[in-house]
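>>> Here's my sequence, what's the structure:
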Amino acid sequence: MKQENQAAAALREAGDEFVSQWGVIGNAWGINRTMAQIHALLITAPAALSTDEIMEELKISRGNAHSNLRDLVSWGLVRSVVRKGECLEDVLYHHSRTPQTRTPSSACCLKGMQRAHQRFARRGRGRF
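Okay, the predicted model is just below:
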């Protein structure tokens, strides 16, 4: 039992570090740090997360979470999931994995973020 708790704590710590470092990488590419952290959180989440869960995990405001999620959805990096019988306030967000590719999800995410960065660079914007 103690080993399971230690393993769970180590996994949680690794996930937190990934979210933090993905934010740093995104920021270096000119992507909003919070947006990259939301993206990383959804990559590592075993199931779809609600806006409230994302806000609680990253300690961010609803407006910040909502605007970044909206942009991630529009870029195809995240998809929204509405479960039957739930209202729109209960929309869940899940990392968008491309079924046509056979690359690991982190490689798919990296490619998606690079495409989004290139799109904005072509529009003459240096940063998002």
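>>> what about stretch 57-64, average pLDDT?
Stretch 57-64 shows a mean pLDDT of 95.
>>> Show me which positions of that stretch end up buried.
Within stretch 57-64, the residues that count as buried by 16 or more other CB atoms under 10 Å are 57, 58, 60, 64. To be clear about C-beta, it is placed using only N, CA and C from the backbone, and glycine gets the same treatment.
>>> that's a helix at residue 30, yeah?
No - using DSSP: H, G, I helix; E, B strand; the rest coil, the assignment for residue 30 is coil, not a helix.
>>> let's have the chain start at 643 instead
Sounds good: first residue 643 from here, last item residue 672.
>>> Could you report the pLDDT at it?
Listed pLDDT for residue 672 reads 90.
>>> what does residue 659 give?
Predicted confidence (pLDDT) at residue 659: the value is 92.
>>> ok so, going back, which ones among the buried residues of stretch 699-706 lie within helices?
699, 700, 706 (DSSP state H).
>>> how close does the first one sit to residue 683?
It refers to residue 699. Separation of residue 699 from residue 683 (CB to CB, to the nearest Å): 6 Å.
>>> next one: the second one
The spacing between residue 700 and residue 683, counted by CB to CB, is 7 Å.
>>> any common contacting residues for the two?
Among the neighbours of residue 700, those also in contact with residue 683 (CB atoms under 8 Å, 6 or more residues apart in numbering) are residue 661.
>>> what ranges do the strands span in this structure?
Counting by DSSP state E, the chain has strands at residues 691-692, 720-723, 734-737.
>>> Kindly report which one of those carries the lowest mean pLDDT.
Note on the strands of the chain: strand 734-737 shows the lowest mean pLDDT, a mean of 76.
>>> Please identify the pairing partners of that strand and their relative orientation?
Strand pairing for strand 734-737, using DSSP bridges, gives strand 691-692 (antiparallel), strand 720-723 (antiparallel).
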